[in-house]
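Undergrad: My questions concern the predicted model and sequence given below.
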Amino acid sequence: KLDPKHEQPMGTWTSEEIRDAVDEHVMLTWAPGKARHNVPIITHGEGVYVFDDKGKKYLDWTSQAVCSNIGYTVPDNVVEGTVRQMKELPFIYGGLGITEVRARLASLVSDILPGDLTGMVFPSSGSEANEAAIMCARRYTGKFKVINWYRSYHGGTTNSQQATGDFRRWFGGDNVPGFVKAFAPYPLFWDYAGDNEAERTQMALNMLEEQILNEGPDTIALIQFESVIRGGGVIMPPPGYMQGVRAICDKYDILMHCDEVMVGFGRTGKLFGFQNYEGVIPDIVTAAKGITSAILPLSMMACRKHIMDGFEDKPLGWGSTYQAHPVAMACAYENLKYMIKEDILGHVQELEPVFEDCMRTLTESHPSIKQYRHVGMFGCFDAHLPNGENPQLQHTAVHEAFVKYRMAYTENGLIGLLRAPHLHVAPPLTITKDELLDGFDRQDRALYALDEGLGY
Ligand code: PMP
């Protein structure tokens, strides 16, 4: 029998009722459980803003996890297309029935991807898309090892977590074989790695090739990396590096995979992040987040035609119940149509100089900011740390400075991810110029707390 509290219409529980249920039942995942007491109760969203239960309005400064790319007012065509699919056919298992929406989405995504990236799988999350990519590469090449960069994140499922290079891999333990980590060129070390950019690029490529030769080229199926590294702080490799990786992959029959989960569908001012590297076409591309602007969970893995053809007589060997979910695909299809028709990409390109201007001004006016990087509507400030102290270390003055900055950030009405010493900026791609300027004003005010906390 249904408890009467569940008979109440959605939107009528008090904050206390919500908190009580959260305290008792809700577990967080990447954060310690007790952090749930401090996460705000978000009631609704509008445009690029979300509102909490006390009526406070927050400007979304990182599009949540860089995914709410069109904000919170869902366009009519997306609502109608998604609801229509829910009414017509809410679900059919992907191996038992083909739907028109699957055919349409596959052809639309293939149309907007360059080259012959024509084979499409539609899982539900970025992690799953990367699982599919790893399986696809292994079964297509008959080889097993995967090379990833240390500064990377690829997901929370077994293989995608092991593919991840940063600390989030440690939770998974060390007993998943086949993942080799490499160093991507990293600005912090560029000064030590050659006298000029061309030399640094060549040196980084030589190191990668040396690593491949030592691992054994015949054992490596895939080089898998983020087209623009986010976790490490919006890092793009020096000119020529990606073209060099493409050439190394061709030389040793290794597939090249760009993980576009975070930057795919417009974040960098190009439809796909790898399009920032002229002439580079990967063999496999995965994306998620922006494909539906996070309105429903859906991801994709695209592969080149010859790879798709390689599975005519054998299965890919990876799947999930919800892959090719019709309702999620309808949402993605309408979302992409909306983005194309409204020229969201053009909008990002138009705002990019304003975005950069604001990042430069804040860097110049706050001693706590050392430098910034940006591409499209994806930016990152690096904090200027006294003595290079690590802000991840708890109970230090530097850590406390970031706690205070976080409080000021919230007080000034910003909501977003913070990954000290990197401060990311990635608002919804639909943000207006005035809203963007307002966001940087809010961040400007919050940064005084960081200046003070770091002792400047
Ligand atoms: N790859 C990248 C580059 C990501 O940023 C993420 C998520 N932040 C993932 C993979 C995993 O995607 P998901 O959380 O949807 O599984």
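TA: Done, it's in.
Undergrad: show me where the stretch 351-456 of the chain has helices.
TA: Listed in chain order, the helices of the stretch 351-456 of the chain (DSSP state H, counting those that start in this stretch) span 397-411, 433-453.
Undergrad: Lowest average confidence across those, which one?
TA: Sorting the helices of the stretch 351-456 of the chain by mean pLDDT places helix 397-411 lowest, at a mean of 94.
Undergrad: which other helices and strands contact it?
TA: Applying 3 or more Cβ pairs under 8 Å, 6 or more residues apart in numbering; DSSP states H and E, one finds that helix 397-411 contacts helix 433-453. Every residue, glycine included, has its C-beta placed from N, CA and C.
Undergrad: Dump the helix it packs on to PDB, keeping only the CA atoms.
TA: What follows is helix 433-453, C-alpha atoms only, in PDB (Å, rounded to 0.1, in the frame of the first residue of the first chain):
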ATOM      1  CA  LYS A 433      26.400  38.000 -23.900                       C
ATOM      2  CA  ASP A 434      24.900  39.800 -21.000                       C
ATOM      3  CA  GLU A 435      24.500  36.600 -18.900                       C
ATOM      4  CA  LEU A 436      28.100  35.700 -19.700                       C
ATOM      5  CA  LEU A 437      29.400  39.100 -18.600                       C
ATOM      6  CA  ASP A 438      27.300  38.800 -15.500                       C
ATOM      7  CA  GLY A 439      28.800  35.300 -14.800                       C
ATOM      8  CA  PHE A 440      32.300  36.700 -15.000                       C
ATOM      9  CA  ASP A 441      31.300  39.600 -12.700                       C
ATOM     10  CA  ARG A 442      30.100  37.100 -10.100                       C
ATOM     11  CA  GLN A 443      33.300  35.100 -10.400                       C
ATOM     12  CA  ASP A 444      35.300  38.300 -10.100                       C
ATOM     13  CA  ARG A 445      33.600  39.100  -6.800                       C
ATOM     14  CA  ALA A 446      34.100  35.500  -5.600                       C
ATOM     15  CA  LEU A 447      37.800  35.600  -6.500                       C
ATOM     16  CA  TYR A 448      38.600  38.200  -3.800                       C
ATOM     17  CA  ALA A 449      38.000  35.400  -1.300                       C
ATOM     18  CA  LEU A 450      40.700  33.300  -3.100                       C
ATOM     19  CA  ASP A 451      43.100  36.300  -3.300                       C
ATOM     20  CA  GLU A 452      42.700  36.800   0.400                       C
ATOM     21  CA  GLY A 453      42.800  33.100   1.400                       C
END
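Undergrad: Flag every residue of the stretch 151-300 of the chain that's near the ligand.
TA: 153-156, 226, 230, 259, 261-262, 288 (Cβ under 6 Å from any ligand atom).
Undergrad: could I get those as a markdown table with neighbour count, pLDDT and secondary structure?
TA: Formatted as a markdown table, those follow (neighbours: other Cβ atoms under 10 Å; pLDDT from 0 to 100; DSSP: H, G, I helix; E, B strand; the rest coil):
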| residue | neighbour count | pLDDT | secondary structure |
| --- | --- | --- | --- |
| Y153 | 25 | 94 | coil |
| H154 | 33 | 96 | coil |
| G155 | 24 | 96 | coil |
| G156 | 16 | 95 | coil |
| E226 | 25 | 95 | strand |
| R230 | 27 | 78 | coil |
| D259 | 32 | 98 | strand |
| V261 | 31 | 98 | coil |
| M262 | 26 | 97 | coil |
| A288 | 30 | 98 | coil |
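Undergrad: Out of the residues you listed, flag the one nearest to P391.
TA: Closest approach between those and P391, by Cβ to Cβ: R230, at 17.5 Å.
Undergrad: Distance of the nearest residue to the closest one once chain neighbours are set aside relative to V66?
TA: Distances taken as Cβ to Cβ, 6 or more residues apart in numbering place M262 nearest to R230, at 5.1 Å, with adjacent residues excluded. The spacing between M262 and V66, counted by Cβ to Cβ, to the nearest Å, is 5 Å.
Undergrad: any residues in contact with both of the two?
TA: When Cβ atoms under 8 Å, 6 or more residues apart in numbering defines a contact, the residues bordering M262 and V66 alike are 230, 289.
Undergrad: what pLDDT does G55 get?
TA: pLDDT recorded at G55 is 97.
Undergrad: likewise P237?
TA: pLDDT recorded at P237 is 87.
Undergrad: I'd say it and Y186 touch.
TA: No: the pair P237 / Y186 is not scored as a contact, 9.1 Å apart, by Cβ atoms under 8 Å.
Undergrad: before we move on, back to that, of all the helices of the stretch 351-456 of the chain, which one is nearest the ligand?
TA: Of all the helices of the stretch 351-456 of the chain, the one in closest proximity to the ligand, counting by Cβ to the nearest ligand atom, is helix 397-411 (19.6 Å).
Undergrad: re earlier: so for P237 and Y186, which residue has more residues nearby?
TA: Using other Cβ atoms under 10 Å, the more surrounded residue of P237 and Y186 is P237, with 25 against 17.
Undergrad: Excluding chain neighbours, give the residue nearest to the more buried one in space.
TA: P185 (5.2 Å).
Undergrad: The one you found: how many residues sit nearby?
TA: For P185, the count of nearby residues is 22 (other Cβ under 10 Å).
Undergrad: next one: phi and psi at it?
TA: When read as degrees, to the nearest 10, the backbone of P185 gives phi -60, psi 130.
Undergrad: Specify the stretch among the helices of the stretch 351-456 of the chain that is closest to M120.
TA: For the helices of the stretch 351-456 of the chain, distance to M120 was read as Cβ to Cβ. The smallest value, 33.6 Å, belongs to helix 433-453.
Undergrad: is stretch 307-326 anywhere near the ligand?
TA: No: applying Cβ under 6 Å from any ligand atom, one finds stretch 307-326 separated from the ligand by no less than 11.8 Å.
Undergrad: buried set for that stretch?
TA: If you call a residue buried by 16 or more other Cβ atoms under 10 Å, then stretch 307-326 has these buried ones: 307-308, 310, 316, 318-320, 322-326.
Undergrad: mind listing what S152 touches?
TA: Applying Cβ under 8 Å, 6+ apart, the residues near S152 are 163-166, 184, 225-226, 229, 231-232, 259.
Undergrad: how about those, which pair is most distant?
TA: So, these by Cβ to Cβ: farthest apart are A163 and G232, at 14.9 Å.
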